[in-house]
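>>> Build the 3D model from these lines:
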Amino acid sequence: MPIEFTHVPGKSANGSFFYDFAETATKLSLIEDVGFQQIVVDDPAGLLTNMDIAAQALKRTALLEVVLTHWAGVVEPTVAARQLAALAARSGGRLSLRMLSEPLSDEDAEARPVGHTVVWQRIDEYLVLLKRLWSNDRPFDHEGAFYSVKGGYVPRKGPHGADVTIRLGGQSGTALRVAGRHADVFELSAGSPDEVGQLIERVRAAAAEHGRVGKLRFALPVRIRSQKDEGIAEHKAVAVSGSPAEIALSLLPYAALGIHEFMVGGIDRSREIATTGRETVTLVANSLARLENSVTQPGAFVPRLPSQSRAPA
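Presented below is the predicted three-dimensional model:
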C-alpha cells in the first residue's frame, strides 16, 4: 500500500493557517495538487471553529481528506454525532475524527478525581456513544460514568451509518487500550525507528484483544525544520531537515516499519508545500515502489537516493 502524506498546518502568533480563507483555499488546492492526501484541522479557536473550517475545506476540495481535531466533553455526544454525521454525509467519505486527550473541565473535576485514566475513560465512553449513535436504527437510552442519553438517535445518516475514520494516539497502557478498541488510524509519537517500532507492536497487541489488528493503520508526525528552527526542541514529531532527497532518505527507515502515513508539519508557505509535495513526497513514493518491485522481482536493479544524503541528527 502506498504511503500517504498529510499536511499539518502550523500555529503561530501571526494568526491561524485558516485565518484568511481566500488565501487558504488557494493553498488547499496546492496541497491537493502536489500529492498530499489529507489536511489536519486544529485551529487555536477550538472545536466549533474546527467544524466550520472542516466544512469549508471539504467544500473547496475534491479529493483531500479532512482530519478534524476533536475533544470529548466540549459538546454533548448527541450533538457532536449529529454535526459529524452531517459533515460525513457531505464529505463523501473524506472526514476523519482526530480525538485528542484533554483534562476534564473544572466542573467535572469537582465531581470526580481528575487523572490520566479518567480522561481516557471518558474518551472511551464518548466514542462508544458516537459509534452507537451513527449506527442505530432506533432511539436508545444510555447511563454511563460520564454521559446520560435519553432517546439517543441521529436522523439522516447514510444507509451504513456515518463514514468517519477514528484517529487516536498516546503511549500509556490506558491510551493504547482505548486506541486498540476504537482507532482506525493510530498517530505515533516521536522516536528513533527502533522506539517507534516498539510502540507499533504495543498498539498491535492492544488491537489484537479486540480482533482489530488488520483494521489499524499507523501515522507518524514529522516536522520539516529550516535552519532557523535548528535550535527549537521538538517533542511531538520526528524532526528532519536538509534537501528533499535527504528528507526522503531519513523517512525511509520509518516507512519500512509498516507506517501508512506521514503527517508533515513545518511547511506553511506555498513554496515549501510545493517543494515537499513535488520532490520529497515523490522521492519517497518512488523509492518504496522500487523496493516493492525488488521484492517481487528478485535481482531487479534498485536505484538509490544520493549516498551523501543524510539528514542531520
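
>>> Convert stretch 267-278 to PDB, retaining C-alpha atoms only.
The C-alpha coordinates for stretch 267-278 follow below in PDB (Å, rounded to 0.1, in the frame of the first residue of the first chain):
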ATOM      1  CA  ILE A 267       5.700  23.800   5.700                       C
ATOM      2  CA  ASP A 268       3.000  26.500   5.600                       C
ATOM      3  CA  ARG A 269       4.400  28.700   2.800                       C
ATOM      4  CA  SER A 270       3.200  27.900  -0.700                       C
ATOM      5  CA  ARG A 271       6.800  27.300  -1.900                       C
ATOM      6  CA  GLU A 272       7.600  24.900   0.900                       C
ATOM      7  CA  ILE A 273       4.400  23.000   0.300                       C
ATOM      8  CA  ALA A 274       5.100  22.700  -3.400                       C
ATOM      9  CA  THR A 275       8.700  21.600  -2.900                       C
ATOM     10  CA  THR A 276       7.800  19.000  -0.300                       C
ATOM     11  CA  GLY A 277       4.900  17.600  -2.400                       C
ATOM     12  CA  ARG A 278       6.600  17.600  -5.800                       C
END
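
>>> Surely residue 211 forms part of a helix?
No - under the criterion used here (DSSP: H, G, I helix; E, B strand; the rest coil), residue 211 is coil, not part of a helix.

>>> for the stretch 101-250 of the chain, which spans come out with low pLDDT?
Applying pLDDT under 70 to the stretch 101-250 of the chain flags the ranges 103-114, 158-160, 227-235.

>>> all strands of it, in order?
Using DSSP state E, counting those that start in this stretch, the strands of the stretch 101-250 of the chain run over 140-143, 148-152, 164-169, 185-187, 217-224, 238-240.

>>> Buried deepest among those strands, which one?
strand 185-187 (a mean of 25; mean count of other C-beta atoms under 10 Å). (Glycine included, C-beta is placed from N, CA and C.)

>>> what packs against that one?
Under the contact criterion of 3 or more C-beta pairs under 8 Å, 6 or more residues apart in numbering; DSSP states H and E, strand 185-187 touches strand 164-169, strand 217-224.

>>> Export these to JSON lines and append columns for distance to residue 91.
Below are those laid out as JSON lines (distance: least, C-beta to C-beta, whole Å):
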{"stretch": "strand 164-169", "distance to residue 91": "9"}
{"stretch": "strand 217-224", "distance to residue 91": "19"}
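
>>> Tell me the buried residues in stretch 115-130?
Residues 118-130 are the ones in stretch 115-130 that count as buried (16 or more other C-beta atoms under 10 Å).

>>> now do stretch 241-256
Quick answer for stretch 241-256 (16+ other C-beta under 10 Å): 241-252, 254-255.

>>> ok, so what distance separates residue 137 from residue 127?
Between residue 137 and residue 127 the distance is 20 Å, computed by C-beta to C-beta, to the nearest Å.

>>> and if you look at residue 76?
14 Å.

>>> What residues does the closest residue to residue 175 other than its chain neighbours make contact with?
Distance criterion C-beta to C-beta, 6 or more residues apart in numbering; nearest residue to residue 175, sequence neighbours excluded, is residue 120 at 5.6 Å. Listed by C-beta atoms under 8 Å, 6 or more residues apart in numbering, the contact partners of residue 120 are 101, 170, 172, 174-175, 177-178.

>>> and what of residue 94?
Contacts of residue 94 (C-beta under 8 Å, 6+ apart): 58, 61, 63-66.

>>> Now render those residues as a markdown table, adding pLDDT.
A markdown table is the format used below for the contacts of residue 94 (pLDDT from 0 to 100):
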| residue | pLDDT |
| --- | --- |
| 58 | 95 |
| 61 | 94 |
| 63 | 94 |
| 64 | 96 |
| 65 | 97 |
| 66 | 97 |
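
>>> Inside strands: which ones of the residues you listed?
Assignment to strands by DSSP state E places the following of these there: 65-66.

>>> Would you mind listing which of the contacts of residue 94 are buried?
58, 61, 64-66.

>>> and these as CSV, adding distance to residue 147?
Formatted as CSV, the buried ones among the contacts of residue 94 follow (distance: C-beta to C-beta, whole Å):
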residue, distance to residue 147
58, 28
61, 33
64, 32
65, 28
66, 26
